[in-house]
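**Q** model the following, please.
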Amino acid sequence: MSALRVGWGIASRSMLLIPRLPSTFVPSLVMPIFLTVAFAGAFSGLVLLPGFPADQAIDWFIPMTTIQGAAFAGVTTGMGVARDLENGFFDRFLASPASRMSILSGPLMAAVLRALIPLTILLGVAVVAGAHFYGGSLGVLTLAVAALGIAFVAGAWSIGLALRFKTQQVAPLMQSGLFLVIFLSTAQMPLNLLTGWLHTVARFNPITNVLALGRQGFLGEVTWAGTYPGLLSLAGMILVLGFFAVRGMQRVVP
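**A** Numbers count the residues shown, from 1 in each chain. Just a heads-up that it's a prediction; the model follows:
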């Protein structure tokens, strides 16, 4: 069996677990919707600040919560790997003739596939809430690239942790790591309105570029200048955290 078929089979199993174990996925879908409603409502006055780039709060927050929802999808995939390691099911994969890289590719593919669900639903929320799609279909595409890229990054991070700790008790570390890196960026405020150490951290946080990539179609036209920094940031995070997951896979033993 080819590596692609092995990976796809494991990814399909992960997708089938969504209706069978909805409690492991539904929170990652409900939370971004809740945050969208909370932020767009409670912080609607942000658009009145001089220099704020959005016409209305939903244009600023919906890309952020969509990317966050994709990150949650990656985390739930890692939690599934941790559950399989904890109950011994993952040992069957390791004992099979399939290569370890093909086994690792399955959960990573599942992370990206799972992210399509919050991406689709939150785009529907954006339409209902009257968000501005200034960038048209190209703006939706850049948001999709940002969200699915972050899903892969989050999946690699959480799977790497799962392979090292082999227990679901590592889930808080998976989640808190992503919360920290997202909210220490331009998640809530643009860089020009941040001050002090928050400005410094957000400036060098790669998530800032990814958010700019996903937001540009909601704030104006899609441009190459607004696109390539996000693509480079995604590539760097995928390289680093992909290596983190690969090393975990190479070292794990049944």
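**Q** going by C-alpha atoms from here, please, whenever you check contacts or count neighbours.
**A** Noted.
**Q** in this structure, what residue spans correspond to helices?
**A** 3-20, 26-42, 57-87, 90-95, 100-129, 136-165, 171-183, 196-204, 206-219, 228-251 (DSSP state H).
**Q** take those and lay them out in CSV including mean neighbour count.
**A** Shown next, in CSV, are the helices of the chain (neighbours: other CA atoms under 10 Å):
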stretch, mean neighbour count
helix 3-20, 16
helix 26-42, 17
helix 57-87, 27
helix 90-95, 15
helix 100-129, 20
helix 136-165, 25
helix 171-183, 16
helix 196-204, 15
helix 206-219, 26
helix 228-251, 17
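**Q** averaging pLDDT over each of the ones you listed, which comes out lowest?
**A** Least confident of the helices of the chain, judged by mean pLDDT, is helix 26-42 with a mean of 87.
**Q** that one - contacts with which helices or strands?
**A** Other elements packing on helix 26-42 under the criterion 3 or more CA pairs under 8 Å, 6 or more residues apart in numbering; DSSP states H and E are helix 57-87.
**Q** just how off-centre is the helix it packs on within its chain?
**A** When distances are taken as CA atoms, centre = their mean, to the nearest Å, helix 57-87 is centred 5 Å away from the chain's centroid.
**Q** which residues touch Gly45?
**A** Shown in contact with Gly45 (CA atoms under 8 Å, 6 or more residues apart in numbering): Ala57.
**Q** with distance to Met189 added, can I get the helices of the chain in a markdown table?
**A** Formatted as a markdown table, those follow (distance: least, CA to CA, whole Å):
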| stretch | distance to Met189 |
| --- | --- |
| helix 3-20 | 34 |
| helix 26-42 | 11 |
| helix 57-87 | 9 |
| helix 90-95 | 42 |
| helix 100-129 | 19 |
| helix 136-165 | 18 |
| helix 171-183 | 10 |
| helix 196-204 | 10 |
| helix 206-219 | 10 |
| helix 228-251 | 17 |
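**Q** with that, I have no additional questions.
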